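Asker: Next input, structure requested:
(3 chains)
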Amino acid sequence: MPEGHTVHRIALQFRADFVGHRIAASSPQGRFAAGAALLDGSTMVESRAIGKQLFLGFDDDRWLRVHLGLYGAWDFRGRISPVHPESPVLGSMGAPRAARAVRMGEGELPLRDGDDVAAPEFPPPPIGQVRVRLLTEESLADLRGPTACEVLQPDEVAVAMARLGPDPMVDPGPEAEAVFVERLTSRATPVGQLLMDQAVVSGIGNVYRAEILFRARLDPHTRGRTVPAEVARGLWRDWTELLADGVRRGVMMTRDGLDDDAHALALADQTARHWVYKRAGLPCYVCGTPIQVETMAGRNLYWCPTCQD
DNA sequence: TGGAAATGTCTAG
DNA sequence: TAGACCTTTCCAC
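Answerer: Numbering: from 1, shown residues only, chains lettered A, B, ... in the order given. Purely as a prediction, here's the structure:
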């Protein structure tokens, strides 16, 4: 259940521990056996995230495109470098083979009881439905439950990338902001729907959509066409900051203005991290009005009818 | 043990 | 808009 920040962290993990290495690729589950055979034995040369899509490049001009969808996750084991200096290190705890798993994609989880921290064997046997296993001499990545997992040629990668709207981690410049503003403000579709459209902006999912709109005090039903350009620019800039923060922490922390204690509490308690997401019926932190939930484009949309008026 | 839910996207009608 | 798809987790029974 990842949004853009998670996929960027996954790309960083591959960049740190897999790029430059020869990869043994397999499909323990069997459903990706043919694709894995194409990649097996080649060297990973590139790792890129755009929005929620991951592109891993190999030295023979083949690419692996992965979209985690709702349930997908990567588990990293073996040698795992910290992906960001400010993040708590879930992976490498000093020893080169501190085989602590890092799961990325449905929340990043430390090991639970029963997980094998000091795994005596490497690689460990696959657990569950592992679609793809990518292995170097020291590191291992297991992919489970992706919506998309396919081997592409460079021209096909270009097509897939061209379909994606701007991602502030990829395009930090003013051009990307202008593209976003133009696409958001040229349609009559509700802004709550446009923010989820990956052709308008890449990487926003159901949590960030609700939170960005609350932070802007913008009614999700507002038609894109009627959103003033400066408000649209504000949405882009807020998304830019939230995304960078999410990549840094590995956590979606969308409430701001908290004192240290409240902040620590919110970090520890998932339900306290957000202004409105999953808070249906609870009082708005700002005005006390019960948070509303409704279905927009097939997803649960949370919002405060008083603040976002 | 069974069902529902989950940070997503695509297709058919 | 409904249904399909992919997998795991959590909670009620």
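
Asker: Run a quick neighbour tally on A:Ser41.
Answerer: Quick fix: residue A:41 reads Gly, not Ser. 12 (other C-beta atoms under 10 Å). To be clear about C-beta, it is placed using only N, CA and C from the backbone, and glycine gets the same treatment.

Asker: Check for me that it belongs to a strand.
Answerer: No: counting by DSSP: H, G, I helix; E, B strand; the rest coil, A:Gly41 is not part of a strand but coil.

Asker: where does the residue lying closest to it once chain neighbours are set aside fall, phi/psi-wise?
Answerer: When the adjacent residues along the chain are set aside, A:Gly41 lies closest to A:Arg22, with 6.8 Å between them (C-beta to C-beta, 6 or more residues apart in numbering). Dihedral angles phi and psi of A:Arg22 (degrees, to the nearest 10) take the values phi -80, psi 140.

Asker: Beta-bridge partners for A:Arg22, please?
Answerer: A:Thr43 (DSSP bridges).

Asker: Just to check, A:His84 is in contact with A:Gly250?
Answerer: Yes: with contact defined as C-beta atoms under 8 Å, A:His84 and A:Gly250 form a contacting pair (7.5 Å).

Asker: and the residue of the stretch 201-309 of chain A found nearest DNA strand C, how far is that from A:Pro305?
Answerer: Per C-beta to the nearest atom of the strand, A:Gly298 is where the stretch 201-309 of chain A lies closest to DNA strand C, at 5.8 Å. A:Gly298 sits 21 Å away from A:Pro305, going by C-beta to C-beta, to the nearest Å.

Asker: the more surrounded of those two?
Answerer: Shown here are A:Gly298 and A:Pro305; by other C-beta under 10 Å, A:Pro305 has more neighbours (13 against 7).

Asker: The more buried one touches A:Val293, doesn't it?
Answerer: No: contact criterion C-beta under 8 Å: A:Pro305 and A:Val293 do not qualify, at 11.1 Å.

Asker: what packs against whichever strand or helix holds A:Gly192?
Answerer: Taking DSSP states H and E as the definition, A:Gly192 sits inside helix A:191-194. On a contact count with 3 or more C-beta pairs under 8 Å, 6 or more residues apart in numbering; DSSP states H and E, helix A:191-194 meets helix A:174-184, helix A:206-215.

Asker: Quick check: which of those is buried the most?
Answerer: helix A:206-215 (a mean of 24; mean count of other C-beta atoms under 10 Å).

Asker: buried sites along the helix or strand following it?
Answerer: Per DSSP H and E, the first helix or strand lying C-terminal to helix A:206-215 is helix A:229-249. Within helix A:229-249, the residues scored as buried using 16 or more other C-beta atoms under 10 Å are A:231-236, A:238-240, A:242-243, A:245-249.

Asker: What about DNA strand B: which of those residues touch it?
Answerer: Subset of these in contact with DNA strand B: empty, counting by C-beta under 7 Å from any atom of the strand.

Asker: what's the closest of those residues to A:Arg215?
Answerer: For those, the minimum distance to A:Arg215 (C-beta to C-beta) is 5.7 Å, reached by A:Asp238.

Asker: my guess is that closest one contacts A:Arg215, does it?
Answerer: Yes: using C-beta under 8 Å, A:Asp238 is in contact with A:Arg215, at 5.7 Å.

Asker: Could you check how far the residue lying closest to A:Ala24 once chain neighbours are set aside is from A:Pro146?
Answerer: Of all residues not flanking A:Ala24 in the chain, A:Leu135 sits nearest, at 4.2 Å (C-beta to C-beta, 6+ apart). Between A:Leu135 and A:Pro146 the computed distance is 18 Å (C-beta to C-beta).
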